[in-house]
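Q: Predicted coordinates and the sequence they were generated for:
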Amino acid sequence: MVHYVELPDGRCYPVVIDSLETLPVWLERVAVPRGRCFLVTDEHVAHLHLESLQAILKTAGWTPYVLVLPPGEPTKALPYLERIYDEALRWGIDRRTPLLAFGGGVIGDLAGFAAATLLRGLPLVQLPTTLIAQVDSAIGGKTGINHALGKNLIGAFYQPALVLADPSLLQTLPEREWTSGLAEVVKHALIGDPALFSLLEMRWTDVLQRNPSLLPDLIARAVLVKIRIVVQDEREAGPRAILNFGHTFGHAIERVAGYGHFTHGEAVALGMLAALWLSHQRHPDLPLTRIRALLQRLPVPPLPETLDFKTLRQVMQVDKKTLAGQLRFVLLRRLGEAYLADDVPEEALQAAWQFACASRQTAVAY
Ligand SMILES: NC(=O)c1ccc[n+]([C@@H]2O[C@H](COP(=O)([O-])OP(=O)(O)OC[C@H]3O[C@@H](n4cnc5c(N)ncnc54)[C@H](O)[C@@H]3O)[C@@H](O)[C@H]2O)c1
Ligand SMILES: O=C(O)C(=O)C[C@@H](O)[C@H](O)[C@H](O)COP(=O)(O)O
Ligand SMILES: [Zn+2]
């Protein structure tokens, strides 16, 4: 299955949902010159899947240089970006050397930013291995690293030449990473695909069990929401911001709890509960109970004591959507339709947070 990201200025790249075995064919098609390539991955992915990828590449006449980084959110940081720069430059990349990002959103965002900046731009190939990366982070060109003050504060928009998502790789994901990825799938359903929302409700058991017959379609539907939004507004001048549903709270939660305490998806799941409450205040017809019920199926670990509303509110202020000091929130008008609001009353925020915390405590175990 292939979908194309067609940007208005004519740039275009495929998002392929297929086996990693097809990689060499796709590299030829997108005219990435065969020869040497620079491959960045993390220890977990390397342990499970690097041998197969290297074999595929070598058989097709590629010579990969492999850099394996530690796993997890703390790797999305300046020291590891420097590490990529050092190794790539010492090894002797040139402007035609493709950089292959083989991993989850951490590797994709970090290596993507390295590709954007090394020699002012290397061909970037995203080989996403987590659900989050396959449906969200590998597509659309947001690359970057975290800063002590907040998530993704340093980065660039840089589109890949190719995204190849192999659903079979997701079978080795730990349970927690799987449900974390489902948070962004639910987000895509809420902001842009009510039929996907119904599918998630109806086939939740299959979804949790990663039923291989369901995965390609599930991934494709979520991918299509992302592509549809990104092509309208590559650099988030406006409509793209709706992909940030749940992220104003979510990013602050990740930062305050300490990067890595919550997964990105867990923090976004909590953030979506808060944003749901804010949305329902304005749009009482929104099916709050129904949406909350699906969000409650996403497990979130206990909240640490440091996560008090006052600190969270301070950190939210550095959100990239903030304009002239004014926080902006993505709200739902109805199931499948979201918009950016800049007039959410300050006093509503604490109540929204309380709603999120209370919803988590009454979450349904599965
Ligand atoms: N650029 C974007 O548009 C965008 C969108 C969404 C999220 N993000 C970013 O993505 C990051 C979260 O991504 P993530 O959840 O993929 O995190 P991650 O990259 O840390 O991966 C999660 C864990 O799964 C492991 N893993 C990866 N693939 C595996 C596999 N196939 N089998 C077993 N284990 C595997 C990793 O080693 C890691 O331990 C955050 O930094 C978030 O900000 C970016
Ligand atoms: O692609 C986008 O645009 C998104 O907002 C997708 C988000 O899921 C993702 O977490 C993104 O990294 C957030 O970007 P940021 O600009 O808010 O840091
Ligand atoms: Zn996200």
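A: Alright, I've got the coordinates. Ligands and ions are numbered 1, 2, ... in the order given.

Q: does any part of the strand or helix carrying residue 164 sit near ligand 2?
A: Per DSSP states H and E, residue 164 falls inside strand 162-165. No: contact of strand 162-165 with ligand 2 is not found when judged by Cβ under 6 Å from any ligand atom; the minimum separation is 12.9 Å. (Glycine included, C-beta is placed from N, CA and C.)

Q: Could you do stretch 246-264 as well?
A: Yes: counting by Cβ under 6 Å from any ligand atom, ligand 2 has neighbours in stretch 246-264: residue 247.

Q: Just the buried positions in that stretch, please.
A: 246-257, 259, 261-264 (16 or more other Cβ atoms under 10 Å).

Q: so which of these are also by ligand 1?
A: Among the buried residues of stretch 246-264, ligand 1 is touched by 263, 264 when using Cβ under 6 Å from any ligand atom.

Q: what does the stretch 251-366 of the chain have sitting close to ligand 2?
A: Checking the stretch 251-366 of the chain against ligand 2 by Cβ under 6 Å from any ligand atom, the hits are residue 320.

Q: tell me which parts of the stretch 251-366 of the chain are close to ligand 1?
A: So far as Cβ under 6 Å from any ligand atom goes, the stretch 251-366 of the chain lies against ligand 1 at 263, 264.

Q: And the residue of the stretch 251-366 of the chain closest to ligand 2?
A: For the stretch 251-366 of the chain, the residue closest to ligand 2 is residue 320, as judged by Cβ to the nearest ligand atom, at 4.9 Å.

Q: Phi and psi next, for that residue.
A: Per-residue torsions, residue 320: phi -70, psi -20 (degrees, to the nearest 10).

Q: how close does it sit to residue 131?
A: The gap separating residue 320 from residue 131 is 24 Å, by Cβ to Cβ, to the nearest Å.

Q: Could you check which of these two is surrounded by more residues?
A: residue 131 (30 against 17; other Cβ atoms under 10 Å).

Q: Quick check: that one touching residue 186?
A: No: at 11.2 Å, residue 131 does not count as touching residue 186 under the criterion of Cβ atoms under 8 Å.

Q: The buried residues of stretch 246-264 in helices, which ones?
A: 247, 248, 249, 250, 251, 252, 253, 254, 255, 256, 257, 264 (DSSP state H).

Q: Tell me the one among these nearest to ligand 1.
A: For those, the nearest to ligand 1 is residue 264 (3.9 Å; Cβ to the nearest ligand atom).

Q: correct me, but the residue of the stretch 251-366 of the chain closest to ligand 2 touches residue 152?
A: Yes: taking Cβ under 8 Å as the definition, residue 320 is a contact partner of residue 152 at 7.3 Å.

Q: domains for this structure, by residue range?
A: 2-172, 175-361 (automatic domain parsing).

Q: on that earlier part again, list the residues that contact the residue of the stretch 251-366 of the chain closest to ligand 2.
A: Residue 320 is in contact with 152, 153, counting by Cβ atoms under 8 Å, 6 or more residues apart in numbering.

Q: so what's the residue nearest the centre of the chain closest to, chain neighbours aside?
A: In the chain, the centroid-proximal residue (Cα atoms, centre = their mean) is residue 137; its distance is 3.4 Å. Among residues not flanking residue 137 along the chain, residue 105 sits closest, at 3.7 Å (Cβ to Cβ, 6 or more residues apart in numbering).

Q: where along the protein do the strands fall?
A: 2-6, 12-17, 36-42, 63-69, 99-103, 124-128, 142-147, 150-157, 162-165, 329-334, 337-341 (DSSP state E).

Q: Quick one: closest of these to residue 359.
A: Proximity to residue 359 (Cβ to Cβ) singles out strand 329-334 among those, at 15.3 Å.

Q: Can you point out the buried residues in that closest one?
A: Here strand 329-334 shows 329, 330, 331, 332 as buried, counting by 16+ other Cβ under 10 Å.

Q: Let me know the closest of those residues to residue 25.
A: residue 330 (38.1 Å).

Q: just checking, that closest one touches residue 240?
A: No: in this structure, residue 330 is not within contact of residue 240 by Cβ under 8 Å, at 10.5 Å.

Q: circling back to that earlier point, does the strand holding residue 164 come close to ligand 1?
A: No: using Cβ under 6 Å from any ligand atom, strand 162-165 never reaches ligand 1; the gap is at least 10.9 Å.

Q: In the buried residues of strand 329-334, find the pair that's most separated.
A: It's 329 and 332 that sit farthest apart of those, by Cβ to Cβ, at 10.4 Å.

Q: Now do the shared contacts for the two.
A: With Cβ under 8 Å, 6+ apart, residue 329 and residue 332 have common neighbours residue 275.

Q: Can you tell me how far residue 157 is from ligand 1?
A: 10 Å (Cβ to the nearest ligand atom, to the nearest Å).

Q: Actually, residue 277.
A: 23 Å.

Q: Now do that residue: how many residues are near it, please.
A: Neighbours of residue 277 (other Cβ under 10 Å): 21.

Q: wouldn't it be in contact with residue 350 here?
A: No: using Cβ under 8 Å, residue 277 is not in contact with residue 350, being 10.7 Å away.

Q: Contacts only, for the closest residue to residue 118 other than its chain neighbours.
A: Counting by Cβ to Cβ, 6+ apart, residue 88 is the residue found nearest to residue 118 once chain neighbours are left out, at 5.7 Å. Counting by Cβ under 8 Å, 6+ apart, residue 88 makes contact with 38, 67, 97, 99, 114, 118.
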